[in-house]
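K.L.:
how does the following fold in three dimensions:
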Amino acid sequence: MSYTIPNELSSRKIHSGLDSLFEILKKSFQRPLFVVGKTSFAASGAEKIVRNMLGDVLNIHEVGGRLPEPPQPSRVQEIDELRPDCIVAIGGGHVIDTAKLLSICLGGKNRQWEEFKLECVSSLLPLLVVPTTAGSGSEATPFAVVYINGVKHSVEHSTLLPDHVFLEPRLVLTNPRSMALASGLDVISHCVESLLSPKATVQSSEIALSTVCSAVKSLPIFAQTGRLDAAEKLLWASNKAGQVIATTRTNVPHALSYFLTAQHGVPHGCSVALTLGSFVDLLSGATVNRDNELWSVNIKRLARVLEYSDPAGFGKWWRTFLSGLGVATSIASLGLQAVDAQIIARNVNLERLANSPVQLTQMDLERLFDD
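P.N.:
This next block holds a predicted model:
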C-alpha cells in the first residue's frame, strides 16, 4: 500500500511495508547505494530481507559512531566512483541524516561542508528511506543534523525531503528498550514542541494533537510488551511528527538537549524530555501576543486531548508519565555530577531557541531544569 500525503512543505510517497521498495529498485534503478547502520542493518532484520530480494552483491556505506558527522571527502570520492543512481537509507535518524548529506555530495558539486548551506543545492540523487527506529522522523523532513567538533548544525533544503519512505514495523521490534523509549519520547516532544511554535498552523496542530495521543498510548505498550501493533502505531506517529516539525521546527527543549547528548551521551529523546514539562508550564503563564496566539490555544487543547484537568499542569502529568516508564526526570537522576543547568543553558542551540514563542532569559532557561 502506498499513497501521497500532502503537507504545507511538499509531498512524497509513503509506503506501508517493503514490497514497493524492491519493485521501485528493480524498475527504476540499477546501482543503488545502501546507507545503513553498522550494527542495526543486521540487528533489525533488514539485511536479511534486502539480501534475500536483491542478492549479496550490494554497494554499502556503513554508518557508525554516536553522532552524524560530515562525510569524509575520500569516502565520497570512493562512493562516487561506483556511480550510484539512488541512495537507500536503512536505519535511524543518524543514518538517514548521513544519507541526506551524501545525497548532496554525490548529486552535485557540493563536496565540502561549507557548501552544504547553499541556497540552491543541485541535482541530488533520489533518496529512498526505510526507518528502523520510531523517533527521529527524519524521513519526513527537509533537513539533516550534523555535528562538527561536538557542535550541532542543521542543513536545510526542500530537496532533502526523501522521494520515497517505507514504513515496516517489523524492523523496529529489535530496538533495545532504552532506544525504544528515547525514540518514542522524541516523537511526543516533536508533537508538543510543534504545538508551541510561532510557526504552528491549523493543519500542523491538528496532526500534532492526534499524533501525540497515539504516541502516548502506544509507547508504554511497546516498551513493556514489544507488540507489533504498538510498534506500527509508533512508527507512523514518528513519521507524522516529522511532518509537523518540517513545518514548525522544534523548540526550546530541543535547543537545550543537544549539549547533553553530544557532550555527555544522554540519549536524545531523554535529553529533550528533561525540560519539556517545565517549558509547557512556563508558556502556560506567559503573555500572549495577539498577532500569533495559536500556540496558547494549543496548550489548552493539549490538556483536553491528554485528559489532565489543569491546562497549567502539563509538567506534573509529564513527570508522572516519565516516571512510569522509568525515565529520568532531572539532571540529578541522570547521575551527571559535573553538569548543572547553568552550563547547559550557556550551551543552548540558538537556532532552535529562536523558535520560542516568547523571549527567554538565561535564568528562564536554567529554571526549566528545576525539579
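K.L.:
in the stretch 101-250 of the chain, mark out all the strands, start to finish.
P.N.:
127-131, 143-148, 151-156, 164-167 (DSSP state E, counting those that start in this stretch).
K.L.:
and the third one, what does it pack onto?
P.N.:
If I follow you right, that is strand 151-156. helix 93-107, strand 143-148, helix 252-264 (3 or more CB pairs under 8 Å, 6 or more residues apart in numbering; DSSP states H and E). For every residue, glycine as well, the C-beta is placed using N, CA and C.
K.L.:
burial count for Lys217?
P.N.:
Counted with other CB atoms under 10 Å, the neighbours of Lys217 add up to 14.
K.L.:
against Ser330, how distant is it?
P.N.:
Distance, Lys217 to Ser330, using CB to CB, to the nearest Å: 25 Å.
K.L.:
now swap in Ser158 and tell me
P.N.:
As judged by CB to CB, Ser158 and Ser330 stand 39 Å apart.
K.L.:
which stretches of the stretch 101-250 of the chain have low pLDDT?
P.N.:
The model of the stretch 101-250 of the chain has pLDDT under 70 over residues 107-123.
K.L.:
how does it look with 50?
P.N.:
113, 118-120 (pLDDT under 50).
K.L.:
so what does the nearest residue to Leu294 once chain neighbours are set aside have for phi and psi?
P.N.:
In space, and not counting its chain neighbours, Leu294 is closest to Ala200: 5.1 Å by CB to CB, 6 or more residues apart in numbering. With angles defined as degrees, to the nearest 10, Ala200 sits at phi -60, psi 140.
K.L.:
show me what contacts Ala200?
P.N.:
With contacts defined as CB atoms under 8 Å, 6 or more residues apart in numbering, the neighbours of Ala200 are 194, 208, 247-248, 294-295, 298.
K.L.:
distance-wise, check His314 relative to Val216.
P.N.:
Quick fix: residue 314 reads Phe, not His. Look at Phe314 and Val216: by CB to CB, they are 12 Å apart.
K.L.:
when these two are compared, which one has more neighbours?
P.N.:
Neighbour totals were compared for Phe314 and Val216, and Phe314 leads with 24 against 19 (other CB under 10 Å).
K.L.:
show me the contacts for the nearest residue to that one once chain neighbours are set aside.
P.N.:
Closest residue to Phe314 apart from its sequence neighbours, by CB to CB, 6+ apart: Val280 at 4.1 Å. Val280 is in contact with 192, 196, 299, 302, 314-315, 318, counting by CB under 8 Å, 6+ apart.
K.L.:
just checking, Lys38 touches Arg66?
P.N.:
No: Lys38 is beyond contact range of Arg66, at 11.4 Å (criterion: CB atoms under 8 Å).
K.L.:
next, the buried residues of stretch 255-270.
P.N.:
Neighbour-count burial for stretch 255-270 flags 255-262, 266-270 (criterion: 16 or more other CB atoms under 10 Å).
K.L.:
now stretch 329-336
P.N.:
Under the neighbour-count criterion of 16+ other CB under 10 Å, stretch 329-336 has 329, 331, 334, 336 buried.
K.L.:
hmm, back to that, mean neighbour count, the helices and strands packed on strand 151-156: which tops it?
P.N.:
When the helices and strands packed on strand 151-156 are scored by mean count of other CB atoms under 10 Å, the highest mean neighbour count falls to helix 93-107 (a mean of 26).
K.L.:
about what we covered before: need the overlap of contacts for Phe314 and Val216.
P.N.:
In contact with both Phe314 and Val216: Leu306, using CB under 8 Å, 6+ apart.
K.L.:
how's this structure carved up into domains?
P.N.:
Taking automatic domain parsing as the criterion, the chain consists of the domains 2-171, 177-367.
K.L.:
ramachandran angles for Arg51?
P.N.:
phi -70, psi -30.
K.L.:
that one reaches Leu58, doesn't it?
P.N.:
Yes: here Arg51 reaches Leu58: they are 7.2 Å apart, a contact under CB under 8 Å.
K.L.:
mind putting the strands of the stretch 101-250 of the chain into TSV with distance to Ser323?
P.N.:
Output for the strands of the stretch 101-250 of the chain, formatted as TSV (distance: least, CB to CB, whole Å):
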stretch	distance to Ser323
strand 127-131	28
strand 143-148	29
strand 151-156	28
strand 164-167	30
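K.L.:
on that earlier part again, by how many degrees do the helix or strand encompassing the residue nearest to Phe314 and helix 93-107 diverge?
P.N.:
Per DSSP states H and E: Val280 is located in helix 268-284. Going by axes from the mean of the first three to the mean of the last three CA atoms, to 10 degrees, helix 268-284 is angled at 100 degrees with respect to helix 93-107.
K.L.:
now the angle between helix 252-264 and helix 268-284, please.
P.N.:
Here helix 268-284 points in a direction 150 degrees away from that of helix 252-264 (the same axes, to 10 degrees).
K.L.:
other residues contacting the very next helix or strand once past helix 268-284?
P.N.:
Counting by DSSP H and E, the element after helix 268-284 in chain order, helix or strand, is helix 294-306. Contacts with helix 294-306, where a contact means CB under 8 Å, 6+ apart, come from 192, 195-198, 200-202, 205, 208-209, 212-213, 216, 280, 283-284, 286, 288, 309-311, 313-314, 317, 357.
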